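Enquirer: predicted structure and sequence below. I'll ask about it afterward.
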Amino acid sequence: MRAARRAGGARWRLRGAGAVLAAYARHRSIIAVVIIAGKFLEPEDILKPVLDHNAPFAESMSAVPKLLEDLGPEDRAKILSLRSARDGVVDDEDTLLEGAVNETMRVVGHVIAIGYALMFQARRVVRFLRDAMTD
């Protein structure tokens, strides 16, 4: 997911978990969010090959700590974070978001986790979002 914004004529792009968290923090009409294989901690700890392939990702990751500061316990409880058992791209401990609903899927790998979640976790995602709407 990408979010683009113009601020004072400058344009910056957020990707991944940063884009989702930015939209969620800014738009209070968003009831809940789902993040798959997101990285929340240690933005400086990104694998060099990932940055070489996707340079804006570093900028996005540097925005995450500030975005998380703006989200209180009630906001975080409405975040479903799906993670792989072993990511390989993102350090496993960096995929846990304090206060969110963190669930580990029985798959290994970053890209595989994303595909698996989209294909096989749809019912879980819908149930989470439906529950958030009725709270």
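Expert: Received, thanks.
Enquirer: what's the helix or strand harbouring residue 24 packed up against?
Expert: According to DSSP states H and E, residue 24 maps onto helix 17-26. Other helices and strands packing on helix 17-26, by 3 or more Cβ pairs under 8 Å, 6 or more residues apart in numbering; DSSP states H and E, are strand 2-7, strand 33-36, helix 56-69. Placement of C-beta: from N, CA and C, glycine included.
Enquirer: how about the nearest residue to the residue positioned nearest the centre of the chain, chain neighbours excluded?
Expert: In the chain, the centroid-proximal residue (Cα atoms, centre = their mean) is residue 17; its distance is 2.7 Å. Once flanking residues are discounted, residue 17 sits nearest to residue 38: 3.3 Å by Cβ to Cβ, 6 or more residues apart in numbering.
Enquirer: okay, now that neighbour: neighbour count?
Expert: Residue 38 is flanked by 23 other residues according to other Cβ atoms under 10 Å.
Enquirer: before we move on, what about the one 4 residues further on?
Expert: Look at residue 42: counted by other Cβ under 10 Å, it has 14 neighbours.
Enquirer: likewise for the one 3 residues further on?
Expert: Burial measure for residue 45: 11 neighbouring residues, criterion other Cβ under 10 Å.
Enquirer: re the thing from before, what residues are up against the residue nearest to the centre of the chain?
Expert: Neighbouring residues of residue 17 by Cβ atoms under 8 Å, 6 or more residues apart in numbering: 35, 38-40, 60, 64.
Enquirer: which SS class is the residue nearest to residue 17?
Expert: Assigned by DSSP: H, G, I helix; E, B strand; the rest coil, the conformation of residue 38 is coil.
Enquirer: isn't it up against residue 95?
Expert: Yes: in terms of Cβ atoms under 8 Å, residue 38 counts as a neighbour of residue 95; the distance is 6.3 Å.
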